[in-house]
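Participant: Got a predicted structure plus its sequence, pasted below:
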Amino acid sequence: MSNKTAEVLCIGTELLLGEITNTNAQYLAQQLAMLGISHFYQTVVGDNVGRIQKALAIAAGRSNLIITTGGLGPTADDLTTQTIAEFFDTPLVERAEVWATIQARFGDRPIPPSNRKQALLPQGAEILPNPTGTAPGMIWQPRPGLVIMTFPGVPSELYPMWTETAVPWLHAQGWVSDPIWSRVLLYWGIGESALAEQVDDLLQLSCPTVAPYANYGQARLRITTKAPDREAARAIIEPIEREILRRTGAYCYGFDEDTLESVVGDHLRSAHQTLAIAESCTGGWLGQMITAVPGCSDYFRGGVITYSNQLKIDLLGVSAPDLEQYGAVSPIVAEQMAKGVQQKLGADWGISITGIAGPGGATDTKPVGLVYIGLACPGGEVKSFVHKNSPSKDRNWIRRVSACSALNHLRERFVMIQKT
C-alpha cells in the first residue's frame, strides 16, 4: 500500500477568512506521517457546493484517500455529506442508529429539525462514530481505489474519531507502512539561508532528507526518513545529524520539542541557579515565555516591567543622569537594569530588555527594532548586547524575537562559563 496517497480537504469559509486557525490540517499531517501514509496535498475550500465538488474532482483524480474536515453540522451551510453524495451520484439514506444517537445526545431537550440531516449518509457508507458530538463522519469507498473519510471541524471531536475508528480501520485495511521519523535541529542567531549554505550538499540527500525552514527568527533543520521503528530511524539519521552539528553546532540550541525557554530552564535547574528579569519594550513577553515552562519556579525568581524611566530609577536603581544623557534605549541602561533586578530579587542571573518596538518612537540614531539586552552574570560580570530587528517587522514580532534573543544570550553565556 506504500504507493497510495492521502489528501486533506478542509471545508469552511471561516478558514478562508482567517477567523480560525486550521489546526486540523496540521494534526492530520502529523498523524499520516506517523502511519507512513504519503500525503502530498492539502486544500481549503469554502462552504460552496460547486467549489467543494471541484476540489473533490481534483483530489479524487490524484489521491486514494480523501480526508475531509468540517461541514457536518446541522445548519444550511454544512454541505459536506450531501455534496460528496451528489458528486458520486449516490442517494443519501437516513441511518436509524445515527438518529438514535443524536436523540440520546439531546436527552430531554427539544431537537431542532435541522439536526435530522446529520443522520443522512451516502448509501453504502460506513458510520465513523463521533463519541462527543452529534455529527458522525463516514468511511466510504465510492469506487475501487478511493476511500473518503469525513470528520467534523471541531478538533475535540475529530481527534477521538481519528484515533478510535479511523486509525484501526487504516491498519486493518493495510494502509499503514513504515512511519516517517524526523529529527529537528533548532537554531538561533543564524538565518535560514546562511544555515542552508553551510549544509548545501546535505540538502541534496534522498535518504534521509534534510530541509531548512524558519519562523519568528528561528531557523530549523529537519532530518527525515522512513523506517520500521525508532531504532532503525536513529541509525539512518544520526550520522547526518553529527555531520550537521560539526558544521553548525555553535548556533544549535536544542532539538525537536525544545524551546529556548525550556533549554535555559534546564541549564539553570541543573546548576541550581536562579533568574530575574526586567522588561521595558517587551512588556512581559519574556516573563510569559519563561513561566510557560512547567516547573519554572525552581529557578525563576520573578520580573518587573519598568516601562517608564522613573520606574527604572525607583525600582532598579538606574542612574537618572545616564538616562538623561544616553536615553532608555542604550547599552548602559540595559546593563543597569539587569544588575538592578539581579540584586533587587536576589537572583544569580539578571536579564533586561529595553528598545523601540514601534511603530513610533524612533529617532535618526535609534530606529524601530533597535533593542539592547543586558545580562548580569554570577560573580558580578555585566554585559550588554544589541539586537537589531528589521524596522519592517511589526510590534509583536520585535517584542517576541527580542525576548528570544535575550534567552539565547543567557544560554550562550551560561554554556561559556560552564566550559571554563
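Facilitator: Cool, got the structure. Numbering: from 1, shown residues only.

Participant: How about the secondary structure of the residue nearest to residue 111 when sequence neighbours are not counted?
Facilitator: Spatial nearest neighbour of residue 111, excluding adjacent residues (Cβ to Cβ, 6 or more residues apart in numbering): residue 103 at 6.5 Å. In short, each C-beta sits where N, CA and C put it, glycine included. With DSSP: H, G, I helix; E, B strand; the rest coil as the basis, the three-state label of residue 103 is helix.

Participant: Residue 103 and residue 109 touch, don't they?
Facilitator: No. Between residue 103 and residue 109 there is no contact under Cβ atoms under 8 Å: 10.2 Å.

Participant: Neighbour count for those two, which is higher?
Facilitator: Set side by side, residue 103 and residue 109 show more neighbours around residue 103, with 14 against 7, by other Cβ atoms under 10 Å.

Participant: ok, back up a step: pLDDT score for the residue nearest to residue 111?
Facilitator: pLDDT, residue 103: 91.

Participant: same deal with residue 341?
Facilitator: Reported pLDDT for residue 341: 98.

Participant: That one: what's its closest spatial neighbour, skipping adjacent residues?
Facilitator: residue 278 (3.9 Å).

Participant: what are the bridge partners for the one you found, then?
Facilitator: residue 304, residue 352 (DSSP bridges).

Participant: list the contacts for it?
Facilitator: 303-306, 316, 337-338, 340-341, 350-353, 374 (Cβ atoms under 8 Å, 6 or more residues apart in numbering).

Participant: Let me see the ranges of the helices in the stretch 201-350 of the chain.
Facilitator: With DSSP state H, counting those that start in this stretch, the ranges of helices along the stretch 201-350 of the chain come out as 230-248, 260-271, 285-291, 309-316, 320-326, 331-345.

Participant: give me the number of residues near the closest residue to residue 14 other than its chain neighbours?
Facilitator: Closest residue in space to residue 14, ignoring its immediate chain neighbours: residue 20 at 5.4 Å, by Cβ to Cβ, 6+ apart. Residue 20 has 12 neighbours, counted by other Cβ under 10 Å.

Participant: wait, residue 20 sits on residue 44?
Facilitator: No. With contact defined as Cβ under 8 Å, residue 20 and residue 44 do not form a contacting pair (11.2 Å).

Participant: any residues in contact with both of the two?
Facilitator: Shared contacts of residue 20 and residue 44, counting by Cβ under 8 Å, 6+ apart, come down to residue 12.

Participant: Could you work out the end-to-end span of stretch 253-264 for me?
Facilitator: Terminal residues of stretch 253-264 lie 9 Å apart, using Cα to Cα, to the nearest Å.

Participant: From the chain's centroid, how far away is that stretch?
Facilitator: Offset of stretch 253-264 from its chain centre (Cα atoms, centre = their mean, to the nearest Å): 14 Å.

Participant: I'd like the average pLDDT over that stretch.
Facilitator: 97.

Participant: what comes up buried for it?
Facilitator: Within stretch 253-264, the residues scored as buried using 16 or more other Cβ atoms under 10 Å are 253-254, 259-264.

Participant: likewise stretch 343-360?
Facilitator: Quick answer for stretch 343-360 (16+ other Cβ under 10 Å): 344-345, 347-358.

Participant: and those, which two are the farthest apart?
Facilitator: 348 and 358 (33.0 Å; Cβ to Cβ).

Participant: what's the span of stretch 170-183 from first residue to last?
Facilitator: Stretch 170-183 has an end-to-end distance of 25 Å (Cα to Cα).

Participant: Cool, thanks, talk later.
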